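A.B. asks: Quick one, what's the 3D model for this:
(one chain, ligands or ions: 3)
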Amino acid sequence: MPDIDKKDRPVTSVTDQEALDFHAMGRPGKLEINPTKPMATQRDLSLAYSPGVAVPVKAIAADPQTAYDYTARGNMVAVISNGTAILGLGNLGALASKPVMEGKSVLFKRFADVDSIDLEIDTENVDEFINCVRFLGPSFGGINLEDIKAPDCFVIESRLRELMDIPVFHDDQHGTAIIAAAGLINALELTGRDLKTTKLVCNGAGAAAIACVELIKAMGFAPENIILCDTKGVIYQGRTEGMNQWKSAHAAKTDARTLEEAMNGADVIFGLSQKGAFSADMIRSMADRPIIFAMANPDPEITPEEVARIRDDAIMATGRSDYPNQVNNVLGFPYIFRGALDVRASTINDAMKIAAVKALANLAREDVPDDVVAAYQGNRPRFGAQYIIPVPFDPRLISAIPVAVAEAAIESGVARKVITDMASYARELSARRDPIASTLASLYERVRRRPKRIVFAEAEEEQVLRAALSYANQQLGTAILLGREDLIRATAERAGIDLNRPGLEIVNARISTRVEAYIDYLYARLQRHGYLHRDAQRLIHNDRNHFAATMVALGDADGMVTGITRNYSTALEDVRRCIDAKPGHRVIGVSLALCRGRTVFVADTAVHDMPTAEELADIAEEAAGLARRMGYQPRVALLAYSTFGHPSGERSERVREAVKILDRRRVDFEYDGEMAADVALNRKVMEQYPFCRLSGPANVLVMPAFHSASISTKMLQELGGSTVIGPILVGFDKPVQITSMGAKDSDIVNMAAIAAYGGS
Ligand SMILES: NC(=O)C1=CN([C@@H]2O[C@H](COP(=O)(O)OP(=O)(O)OC[C@H]3O[C@@H](n4cnc5c(N)ncnc54)[C@H](OP(=O)(O)O)[C@@H]3O)[C@@H](O)[C@H]2O)C=CC1
Ligand SMILES: CC(=O)C(=O)O
Ligand SMILES: [Mg+2]
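C.D. replies: Residues are numbered from 1 along each chain as shown. Ligands and ions are numbered 1, 2, ... in the order given. Okay, here's the model as predicted:
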């Protein structure tokens, strides 16, 4: 008998006390509501409430579609339950279902930026429930029904679908069916099975089970190969006990009467019933390489550890987050509603569900990005028995699934808004989840229009190769992979990266025909700085940063990215030996801090330790230039601990002097200082200085020294929940970007895109 494999143990687990503490800490529960408009002044109140609010009221009365423009309806989904089938815990009532419903609402927001509110309706009467929900249509863009027991859920959903003109979707039915079907397609592929001949048993004949069976039949699974079981055993033709019309529709022609008999020789078992429903003997009796989806929550019908004790050839999935292969509707409902809302679909139909199944199944077969690896304790999942379905933290889900759903809605005629440019819709979707993506979206777009050749100086490293591949895949240009070809190929092989795709080009420094030209160039630059010809030879032959930077200097590449294998200042010195500052410019580092929808440029976060007044003025100019190139109107604050002379002090003197230098230079952007950070960033505090020349809160902060720049950006990141991009190097004559050591592939590709943009 096989040992319990380490891979089958939960990757995390929580105690009951931890779960209670988590829900109780801070503000109890998991949800709060935040306004989207300022509500600070008398004028704000006049606009948001009386009298201003009357204007959209009249507009909506005249044209109901404008509710999507003037209210939150179009992005708002209600999660509604009566608590009659809470997970696999049974009927514990409406109130007890609230933690699950709050959880679903939070997942809507977290994964797909859909606003959502939970509504627990305290009735088990089907008509009362329907009457309660049917009149809520004006409030929501969609209704997500949850944890309502069968068969009531079937009646409730179908009646509400008739009565309401927005999507009504019972998640336990269709969400579960979509994910299970996607996992099943991949598990069949991995075990070499055909949909038409595979034998499947489904334990449970409630909401989730009936929908799963219906969906896989619609996708081509042979009805005669499926047996459903419930608490009374096999649902066979002619059975009368505990039946309803939904079970009857799937009654099997079989002699099997118990789950045990049904599972004997079965290829696939779906558990949508209750904890512990599968015994060791049942699992033992299944066919070779069985597919076991034990999806009951919170505890599966059988655990992966138990299965591993019985046999080692199974593909095993559960509904839980702490085992591999989580077949759970969390992978579906946020993204399916996202796509449906974005095209204002009147319903979620079969075409949209099947599109979601295919998109999910396909995604699991692709290489995963570092963000997923980071979310899963450094394990990189690869398509196989332990990874048949994407993981919930996969950032690609937000663009892959809604696009497929929206396209299917449009094609099947249920969309009330048509999206014509799906590629740009996919980019908008990524930006919804990732503030970096949204900030850099227009930059990426510009690079796509004028693709660039960027040299990835450390291409023997796996994350650099992934970034290069992503750079090429995103049509940003050609990624030049610098390194020893045999090592690059070995890394690519290990990572499953195909180097033969267009947009990737290997440059082997050792055999490049350009080596002599690069040595001559470098020797000419360094000979009066203590370097011999053989030193230049050594740097070009042995050092990737010098080779890459010289390539860029001599125009063999448009830009470079490096930094993974060497600390920042060393990499910067390497580059500086090969490339100068642009005439009249100074090389500095600017970090972008993204916090609650606000972007602030902070400088200098890379080069100058204790800048002089002259240098501070240069830093202000360079940072303002970058802000402008990235589409912002710069408002530059030169920061200090004091504000306009108070309290006076020697350290602020340098900053005051820098402002005077900018005055003399007659620069063409707004700037002022010296000022404290709250004056710079808070309109109200700034109003105490009516003479301040900034027209609004600063978006470029010039720090008095490197230590304050570094400390403040790191504090913003750790305490303020900000996302920080950079430092971005500006001022070099040729585009060069340096990442931090250990940067993820997505960080590297952002830096490569910024380098490419620098040359645009
Ligand atoms: N992983 C996922 O994403 C999801 C998992 N689920 C899980 O599926 C299960 C069912 O949920 P749902 O369909 O919403 O609930 P329902 O109440 O609608 O249905 C429950 C079904 O399970 C059957 N059942 C209960 N216990 C057993 C048992 N020991 N043996 C055989 N059948 C049994 C019931 O049989 P009978 O008809 O005879 O009463 C009924 O048919 C839950 O554990 C839930 O957590 C649900 C949705 C999503
Ligand atoms: C996951 C889920 O919705 C359930 O178990 O009911
Ligand atoms: Mg549920």
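
A.B. asks: wait, what's in contact with Arg566?
C.D. replies: Arg566 sits next to 545, 574, 741 when contact means C-beta atoms under 8 Å, 6 or more residues apart in numbering. For the C-beta atoms, the positions are set from N, CA and C on the backbone; glycine is no exception.

A.B. asks: Surely the second one and Ala549 touch.
C.D. replies: Yes. Under the contact definition of C-beta atoms under 8 Å, Asp574 touches Ala549, with a separation of 6.7 Å.

A.B. asks: of these two, who's got more company?
C.D. replies: Ala549 (29 against 23; other C-beta atoms under 10 Å).

A.B. asks: what's the distance between the more buried one and ligand 3?
C.D. replies: Going from Ala549 to ligand 3 by C-beta to the ion, to the nearest Å gives 56 Å.

A.B. asks: now Ile156
C.D. replies: Ile156 is 14 Å from ligand 3, by C-beta to the ion.

A.B. asks: Check whether that residue really touches Asp127, as I assumed.
C.D. replies: No. Ile156 is not in contact with Asp127 according to C-beta under 8 Å; the separation is 9.5 Å.

A.B. asks: mind listing what the residue in the chain that ligand 2 sits nearest to touches?
C.D. replies: Closest to ligand 2 within the chain is Asn297: 3.5 Å, counting by C-beta to the nearest ligand atom. Asn297 is in contact with 87-88, 319-320, 328, counting by C-beta under 8 Å, 6+ apart.

A.B. asks: one more time with 6 Å, if that's ok
C.D. replies: Asn297 makes contact with 87-88, 319 under the criterion C-beta atoms under 6 Å, 6 or more residues apart in numbering.

A.B. asks: got it, and Ala400?
C.D. replies: Per C-beta under 6 Å, 6+ apart, neighbours of Ala400: 359, 363.

A.B. asks: Kindly provide the distance from it to Asp44.
C.D. replies: 39 Å (C-beta to C-beta, to the nearest Å).

A.B. asks: do Ile540 as well
C.D. replies: Distance from Ile540 to Asp44, by C-beta to C-beta: 62 Å.

A.B. asks: And Phe337, by the same measure?
C.D. replies: 31 Å.

A.B. asks: Kindly report the same for Glu461.
C.D. replies: For Glu461, the distance to Asp44 - C-beta to C-beta - is 51 Å.

A.B. asks: Show me which of the two is the more surrounded one.
C.D. replies: Under the criterion of other C-beta under 10 Å, the comparison of Glu461 against Asp44 puts Glu461 first, with 19 against 14.

A.B. asks: what's the nearest residue to that one if we skip its chain neighbours?
C.D. replies: In space, and not counting its chain neighbours, Glu461 is closest to Ile564: 5.2 Å by C-beta to C-beta, 6 or more residues apart in numbering.

A.B. asks: Surely that neighbour is in contact with Glu462?
C.D. replies: No. Between Ile564 and Glu462 there is no contact under C-beta atoms under 6 Å: 9.8 Å.

A.B. asks: need the contact list for Asn82.
C.D. replies: Per C-beta under 6 Å, 6+ apart, neighbours of Asn82: 94, 121, 129, 148.

A.B. asks: Got phi/psi on it?
C.D. replies: Dihedral pair for Asn82: phi -120, psi 10, per degrees, to the nearest 10.

A.B. asks: re the thing from before, between Ile564 and Glu462, which is the more surrounded one?
C.D. replies: Using other C-beta under 10 Å, the more surrounded residue of Ile564 and Glu462 is Ile564, with 23 against 17.

A.B. asks: Would stretch 359-367 count as contacting ligand 1?
C.D. replies: No. Remark: stretch 359-367 sits outside contact range of ligand 1, by C-beta under 6 Å from any ligand atom, the gap being at least 12.8 Å.

A.B. asks: Mind checking the pLDDT average for that stretch?
C.D. replies: Average pLDDT, stretch 359-367: 93.

A.B. asks: how about the CA coordinates for it, as PDB?
C.D. replies: Taking C-alpha atoms only, stretch 359-367 is exported to PDB below (Å, rounded to 0.1, in the frame of the first residue of the first chain):
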ATOM      1  CA  ALA A 359     -11.400  28.600 -21.000                       C
ATOM      2  CA  LEU A 360     -10.700  27.200 -17.600                       C
ATOM      3  CA  ALA A 361      -9.600  23.800 -18.900                       C
ATOM      4  CA  ASN A 362      -7.300  25.400 -21.400                       C
ATOM      5  CA  LEU A 363      -5.700  27.800 -18.800                       C
ATOM      6  CA  ALA A 364      -4.600  24.800 -16.700                       C
ATOM      7  CA  ARG A 365      -2.500  23.500 -19.600                       C
ATOM      8  CA  GLU A 366      -0.500  26.700 -19.900                       C
ATOM      9  CA  ASP A 367       2.600  27.700 -18.100                       C
END
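
A.B. asks: residues of it that come out buried?
C.D. replies: Buried residues in stretch 359-367, counting neighbours by 16 or more other C-beta atoms under 10 Å, are found at 359-361, 363-364, 367.

A.B. asks: Setting the sequence-adjacent residues aside, check what's closest to whatever residue of the stretch 451-600 of the chain ends up closest to ligand 1.
C.D. replies: Across the stretch 451-600 of the chain, the shortest distance to ligand 1 (C-beta to the nearest ligand atom) belongs to Gly496, at 28.7 Å. Distances taken as C-beta to C-beta, 6+ apart place Asp367 nearest to Gly496, at 5.8 Å, with adjacent residues excluded.

A.B. asks: For the one you found, what are phi and psi?
C.D. replies: Dihedral angles (degrees, to the nearest 10) for Asp367: phi -60, psi 140.

A.B. asks: Equivalent analysis for Phe270, please.
C.D. replies: According to degrees, to the nearest 10, Phe270 has phi -100, psi 130.

A.B. asks: Spell out which parts of this protein neighbour ligand 2.
C.D. replies: 87, 147, 171-172, 297, 319, 328-329.

A.B. asks: now those residues as CSV including secondary structure?
C.D. replies: Below are the residues of the chain next to ligand 2 laid out as CSV (DSSP: H, G, I helix; E, B strand; the rest coil):
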residue, secondary structure
Leu87, coil
Asp147, coil
Asp171, helix
Asp172, helix
Asn297, coil
Gly319, coil
Asn328, coil
Asn329, helix
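
A.B. asks: which among those residues are in contact with ligand 3?
C.D. replies: 147, 172 (C-beta under 5 Å from the ion).

A.B. asks: Mind checking which of the residues of the chain next to ligand 2 are buried?
C.D. replies: Counted by 16+ other C-beta under 10 Å, the residues of the chain next to ligand 2 give 87, 147, 171-172, 297, 319, 328-329 as buried.
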